[in-house]
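In: give the three-dimensional model of this entry:
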Amino acid sequence: MTAWRRGVGLWIGCAVPGLAWGFVPSSTSAGAPISWPEREITWYLNEVGSDDLGLADVEASCKASFEPWNQESCSDLRLVYGGLTSRSDVGFRNSGSNINVVTWVEQGWPHADGVIAVTTVTYCTQAGGGCPYNGAILDADVEMNGEEFRFTNRAQDLVLFDVANTLTHEVGHFIGLDHTPVRLATMFASAPPGETRKRDLHEDDVEGLCHLYPVGEESPIWGEKAVDDEGCTATPGAPSSPAGLLVLALGGLGLLGRRRRR
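Out: Next up, the predicted model:
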């Protein structure tokens, strides 16, 4: 097993030229796309919420962020809200239960400065021992950076960061999509303060969703259910079962010229 963390955040204000090709699946080191083996995935919201909004507003905005990914008829993936939880742990537990959680970090942000959110995805690196295939996602958690950034749910607020604009992007990482070069897409890696366009999916995002989770077909939908040729390397904190895991830190809204709360 190998534990690997890679930050590929969505950076606010970065000038990245729009290119012609489209959606980009996240993949294993062996090149296999990562995806959930099930088509109904439950997620939870940490009950503390955000310092910037009331819990009811945070809950409503988070639910609204997952919903666009449920609404496309070409995919049968369903992301189901499981309710509030006291848990805020991120990553796959070696023992005990695992849940997929969205949580705000108001102090002690553990990732790079200027990153607004990070999605940590744990997936299999080989088949066997509870892993149906190389790239099967087992756990995904989203951390929102409340230490450096202020959040809002008001579309007219042009100086704060919109919860749904941020989290809808992170949900794309949650299901196995990486950043796209398509500038108007939700999964594009740049957004200014006050942006709300990423609340709604672009055609490129829909194509990515439906390529990973097409109606009536199992994931992965291309290639073989391969075993990672690199094998398993034991590292501290890596689970002993399933057979192999990687932890991939995928998401993020960041800022060029950071705006700090404190």
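In: which SS class is residue 83?
Out: strand (DSSP: H, G, I helix; E, B strand; the rest coil).
In: contact partners for it?
Out: Taking Cβ atoms under 8 Å, 6 or more residues apart in numbering as the criterion, residue 83 is in contact with 44, 45. Backbone N, C-alpha and C define where each C-beta goes, glycine included.
In: can you check residue 74 too?
Out: Per Cβ under 8 Å, 6+ apart, neighbours of residue 74: 206, 209, 210, 214, 215.
In: in which helix or strand would I find residue 138?
Out: Element membership of residue 138 [criterion: DSSP states H and E] is strand 137-145.
In: re earlier: dump the contacts of residue 74 to CSV, plus secondary structure, neighbour count and pLDDT.
Out: CSV is the format used below for the contacts of residue 74 (DSSP: H, G, I helix; E, B strand; the rest coil; neighbours: other Cβ atoms under 10 Å; pLDDT from 0 to 100):
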residue, secondary structure, neighbour count, pLDDT
206, helix, 20, 97
209, helix, 25, 97
210, helix, 18, 95
214, strand, 15, 96
215, coil, 12, 95
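In: would JSON lines of those residues with distance to residue 139 be doable?
Out: Formatted as JSON lines, the contacts of residue 74 follow (distance: Cβ to Cβ, whole Å):
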{"residue": "206", "distance to residue 139": "25"}
{"residue": "209", "distance to residue 139": "20"}
{"residue": "210", "distance to residue 139": "23"}
{"residue": "214", "distance to residue 139": "23"}
{"residue": "215", "distance to residue 139": "25"}
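In: now for those, which pair is the farthest apart?
Out: Spatial extent of the contacts of residue 74 (Cβ to Cβ) is set by the pair 206 and 215 at 12.9 Å.
In: helices of the chain, start to end?
Out: Applying DSSP state H to the chain gives helices spanning 55-66, 163-175, 203-212.
In: deepest of those helices, which one?
Out: Mean neighbour counts were taken over those using mean count of other Cβ atoms under 10 Å, and the top value, a mean of 27, falls to helix 163-175.
In: got the CA positions of that one in PDB?
Out: What follows is helix 163-175, C-alpha atoms only, in PDB (Å, rounded to 0.1, in the frame of the first residue of the first chain):
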ATOM      1  CA  VAL A 163     -20.100  27.900  -1.000                       C
ATOM      2  CA  ALA A 164     -21.900  26.200  -3.900                       C
ATOM      3  CA  ASN A 165     -19.500  27.500  -6.500                       C
ATOM      4  CA  THR A 166     -16.600  26.000  -4.500                       C
ATOM      5  CA  LEU A 167     -18.200  22.700  -3.400                       C
ATOM      6  CA  THR A 168     -19.800  21.800  -6.800                       C
ATOM      7  CA  HIS A 169     -16.300  21.800  -8.100                       C
ATOM      8  CA  GLU A 170     -15.100  19.700  -5.200                       C
ATOM      9  CA  VAL A 171     -17.900  17.200  -5.900                       C
ATOM     10  CA  GLY A 172     -16.400  16.700  -9.300                       C
ATOM     11  CA  HIS A 173     -13.200  15.600  -7.600                       C
ATOM     12  CA  PHE A 174     -15.300  13.500  -5.200                       C
ATOM     13  CA  ILE A 175     -16.600  11.400  -8.100                       C
END
